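*Asks:* Need coordinates for the following:
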Amino acid sequence: PPPLIFENSHDGGSLPALQMLVTDIFTWEILYQISQFAIRVAFMKYSKIIVNPKKANSDAAKATLMELGPSYVVSFVHSLY
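*Replies:* Residues are numbered from 1 along each chain as shown. Next up, the predicted model:
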C-alpha cells in the first residue's frame with residue numbers, strides 16, 4: 001500500500017499522516033532546543049576542554065559548534081532509531 005501521506009483524504013489517511021508529520025516536527029524542535037541548552041551548559045562548564053583557547057580559531061570553532069551542534073546532535077539521535 002502507498003504511504004499514508006500519498007493516500008486520498010477520503011481514505012482517512014491524510015489526517016494521520018499530517019498528525020505524524022506535525023509530531024515529528026515538534027519532536028525535532030524539542031530535541032534541538034534540549035541539545036542547544038546542553039551545549040550551552042557544557043560550554044559554560046567545560047569550555048577549555050571542548051575548545052582549546054590557545055588556538056587562533058577557537059572563537060570561530062565555538063561559534064560554529066554553538067550554531068551547528070544542536071542539529072548534529074538531533075541527526076545523531078535520529079540515526080540511532
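
*Asks:* Just give me the neighbour total for the closest residue to Val77 other than its chain neighbours.
*Replies:* Nearest non-adjacent residue to Val77, counting by Cβ to Cβ, 6 or more residues apart in numbering: Leu31, 6.0 Å away. Placement of C-beta: from N, CA and C, glycine included. Residues lying near Leu31 (other Cβ atoms under 10 Å) number 17.

*Asks:* Leu31 contacts Val73, correct?
*Replies:* Yes. At 7.3 Å, Leu31 counts as touching Val73 under the criterion of Cβ atoms under 8 Å.

*Asks:* Check the gap between the residue nearest to Asn52 when sequence neighbours are not counted and Ile30 for me.
*Replies:* Counting by Cβ to Cβ, 6+ apart, Asn52 lies nearest to Ser58, which is 6.0 Å off, once chain neighbours are set aside. Distance, Ser58 to Ile30, by Cβ to Cβ, to the nearest Å: 30 Å.

*Asks:* Compare these two (neighbour count), which wins?
*Replies:* The neighbour count for Ser58 versus Ile30, taken as other Cβ under 10 Å, is higher for Ser58 (15 against 11).

*Asks:* Please identify the buried residues of the host helix or strand of Leu31?
*Replies:* Per DSSP states H and E, Leu31 falls inside helix 14-50. With burial defined by 16 or more other Cβ atoms under 10 Å, the residues of helix 14-50 counted as buried are Ala17, Leu31, Ser35, Gln36, Ile39, Phe43.

*Asks:* which residue packs closest to the third one, ignoring adjacent ones?
*Replies:* For Ser35, the nearest residue in space outside its immediate sequence neighbours is Val73; the separation is 3.8 Å by Cβ to Cβ, 6+ apart.

*Asks:* contact partners of the host helix or strand of that neighbour?
*Replies:* Element membership for Val73, per DSSP H and E: helix 58-80. Residues from elsewhere that reach helix 58-80, judged by Cβ atoms under 8 Å, 6 or more residues apart in numbering: 28, 31-33, 35-36, 38-40, 43, 47, 50-52, 55.

*Asks:* Apply 7 Å and report the result again.
*Replies:* Contact with helix 58-80 is made by Trp28, Leu31, Tyr32, Ser35, Gln36, Ile39, Phe43, Val51, Asn52, as judged by Cβ atoms under 7 Å, 6 or more residues apart in numbering.
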